[in-house]
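# model the following, please.
(one chain, ligands or ions: 1)
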Amino acid sequence: MTADIGKSEAPAVPGRLPLVGHTAAMLRERLDFTAKLRSYGDVVRLRLGPLAVHFVTTPELAYQVLTGQTDKFDKGILVDKLRRAFGNGLVSTDGEFHRSQRRMIQPAFSRRALARHAEVMTESAGEMVDSWWAGQELALDRRMQDFTISVVGRTLFSADFGPRVGAEIRRYTPTLIRLGVLRALTPSLLSLPVRRRFDNAVAHVHRVVDDVVAGGREDRDDLLSVLLRARDEAGEPMSRQQVRDEVVTLLTAGSETTGIALSWLFHELARNPGVEERLHAEVDEVVGRRAATFEDVPSLVYTQRVISEVLRKYPLWFLMRRANTDVTLGGVRIPAGTEVGFSPHALHHDPLSYDAPARFDPDRWLPTRARSVPRGAYVPFAGGLHHCPGHSYASLEIAIAAATVAARWRLVPVPGKPVHPRVVGLMYPNRLPMIALPRRN
Ligand code: HEM
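I've put the predicted structure just below:
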């Protein structure tokens, strides 16, 4: 009856334990846990420790949370727990402050800026593939992280962003993300040593980034200069701490995700010889044996489908928002202040949205087939007010790096070392040893 619309209660997910709620099951089962939530309802209730969470499980409701009703949601508990690390950086703020910081950062991702960044991406990718030798065993996940950190550092922050900064960021960011997610899932249950490890990682990252900010100049053509030059309405510059928070946010958000995507891309190429062959043929035709450039990317049509498929298969495990007003989702009334979660991974693997979702099938992104994917079912870069500002930058960087590697090398797995995802918010490979074999083309 219409009078009841918006008033029904979401079903509770079975298996809630005293004190810990669903946290133990979620941490034990990870992707399987979030995948099965749709079988309990379109909106379901969970307990993470003492915290009540509504989880939406359909593409349309995820679309509503992200985009359709974006202004009714702020960042949620996940970001609260990461705020110690990212302070008031873009990723952890809302409202007018977030909007004005975003406006300031946006020009670093304009088409003109991207064309400039691409030169660094091409050069860095070229240097990377030149440094490999035939038969070399590469810890590919680490190589890709080194590459993406160095590219973000060189494009956005400073020409002389040194290797020490990269090494420290690479070393401590996974800890920040892993422990940030753990703290969100187990509010107040974490032991002191875990908190100390988190604080220690934060302190290291802050220290190196403080050095980057201290060495920054206002007269350069990079984002750090833009941040240092910025003045508010009263003519005041941004505090050093605010600049630091933005730099930490962009360095970590911009490198970890892109490095993981590149890692999985080469893993999938090695497992799918037909896909690898088509990608190699395209790269041979468009790029030849040189490093790929900005101008090549529009012609790398198949490579771009491969990238879309990597981002489908290996997205974030889950995201959280918090309702800032009473909202109705799927007929369920959700009071202001409620945490609302959803899983990009579950949405990207839902058989109601994708044929054979476990299969790596770049051709599902052919325009004729892609049209049948429901809105909200493909959200690698989220959506709405907090839509990833680096999405074009990331797609460009992945295309340039993938094509530059593929122009020269075939990467094959090291036998006897199985690779599987380690899910800690992001989907890291547990390891990714690969051998570089020269391509004869
Ligand atoms: C494959 C690569 C990438 C993926 C999959 C990715 C994914 C995402 C997602 C899902 C969000 C939304 C998080 C949320 O709503 O809680 C996000 C936000 C963000 N991303 Fe990315 N990202 C990538 C690359 C980048 C790059 C290259 C940069 C910058 C250089 C970047 C900077 C950011 C920032 C600053 C935010 C926060 C935006 C806001 O809250 O307004 N990301 N990203």
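
# what number of residues lie near the residue of the chain found nearest the ligand?
Proximity of the chain to the ligand (C-beta to the nearest ligand atom) peaks at Gly390, 2.2 Å away. (Each C-beta comes from the backbone N, C-alpha and C, glycine too.) By other C-beta atoms under 10 Å, 21 other residues sit near Gly390.

# could you look up the SS state of the residue nearest to it when sequence neighbours are not counted?
Using C-beta to C-beta, 6 or more residues apart in numbering and skipping the chain neighbours, the partner closest in space to Gly390 is Gly254 (5.3 Å). Applying DSSP: H, G, I helix; E, B strand; the rest coil to Gly254 yields a three-state assignment of helix.

# can you map out the strands along the stretch 1-150 of the chain?
43-48, 51-56, 73-75, 137-139 (DSSP state E, counting those that start in this stretch).

# ok, the third one: who's next to it in the sheet?
With DSSP bridges as the test, strand 73-75 is paired with strand 319-323 (antiparallel).

# and the helix or strand following the partner strand, what does it pack onto?
The first helix or strand that comes after strand 319-323 along the chain, using DSSP states H and E, is strand 327-329. Judged by 3 or more C-beta pairs under 8 Å, 6 or more residues apart in numbering; DSSP states H and E, the packing partners of strand 327-329 are strand 332-334.

# now do the buried residues in the strand it packs on.
332, 334 (16 or more other C-beta atoms under 10 Å).

# and it, what does it pack against?
strand 327-329.

# at 10 Å instead, please
strand 43-48, strand 51-56, strand 327-329 (3 or more C-beta pairs under 10 Å, 6 or more residues apart in numbering; DSSP states H and E).

# my read: Arg154 touches Glu127, true?
No: at 11.1 Å, Arg154 does not count as touching Glu127 under the criterion of C-beta atoms under 10 Å.

# which of the two has more residues huddled nearby?
Taking neighbours as other C-beta under 10 Å, Arg154 and Glu127 compare with Arg154 leading, 19 against 13.

# for that one, which three-state class applies?
Quick answer, by three-state DSSP: Arg154 is helix.

# which non-adjacent residue is nearest it?
In space, Arg154 is closest to Val120, 5.0 Å off (C-beta to C-beta, 6+ apart).

# how about that neighbour, what does it touch?
By C-beta atoms under 10 Å, 6 or more residues apart in numbering, Val120 lies in contact with 150-156, 159, 397, 400.

# tell me how many other residues surround the residue lying closest to Val243 once chain neighbours are set aside.
Once flanking residues are discounted, Val243 sits nearest to Leu227: 4.8 Å by C-beta to C-beta, 6+ apart. The number of residues packed near Leu227 is 25, by other C-beta under 10 Å.

# residue contacts, Leu227?
101, 104-105, 108, 156-157, 213, 216, 218, 237-238, 242-244, 246-247, 250.

# for Met238, same thing?
Per C-beta under 10 Å, 6+ apart, neighbours of Met238: 101, 104, 227-232, 244-246.

# select only the buried ones of these in ChimeraX?
In ChimeraX, this line selects whichever of the contacts of Met238 come out buried by 16+ other C-beta under 10 Å:
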select :101,104,227,228,230,244,245,246
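
# from the contacts of Met238, which is closest to Leu19?
Asp245 (34.0 Å; C-beta to C-beta).

# need the phi and psi values for that closest one.
phi -60, psi -40 (degrees, to the nearest 10).

# that older thread, ok, and which of the contacts of Val120 reach the ligand?
Val152 (C-beta under 6 Å from any ligand atom).

# just the buried members of the contacts of Val120?
150-156, 397, 400.

# what does this structure have sitting close to the ligand?
90-91, 102, 152, 249-250, 253-254, 257-258, 261, 311, 316, 319, 380-382, 386, 388-390, 393-394.

# could you pull out the helices in the stretch 151-300 of the chain for me?
Ranges of helices in the stretch 151-300 of the chain, per DSSP state H, counting those that start in this stretch, are 163-185, 192-214, 223-229, 240-271, 273-286.

# out of these, deepest packed?
Among those, helix 240-271 has the highest mean neighbour count (mean count of other C-beta atoms under 10 Å), at a mean of 23.

# angle of that helix against helix 273-286?
110 degrees (axes from the mean of the first three to the mean of the last three C-alpha atoms, to 10 degrees).
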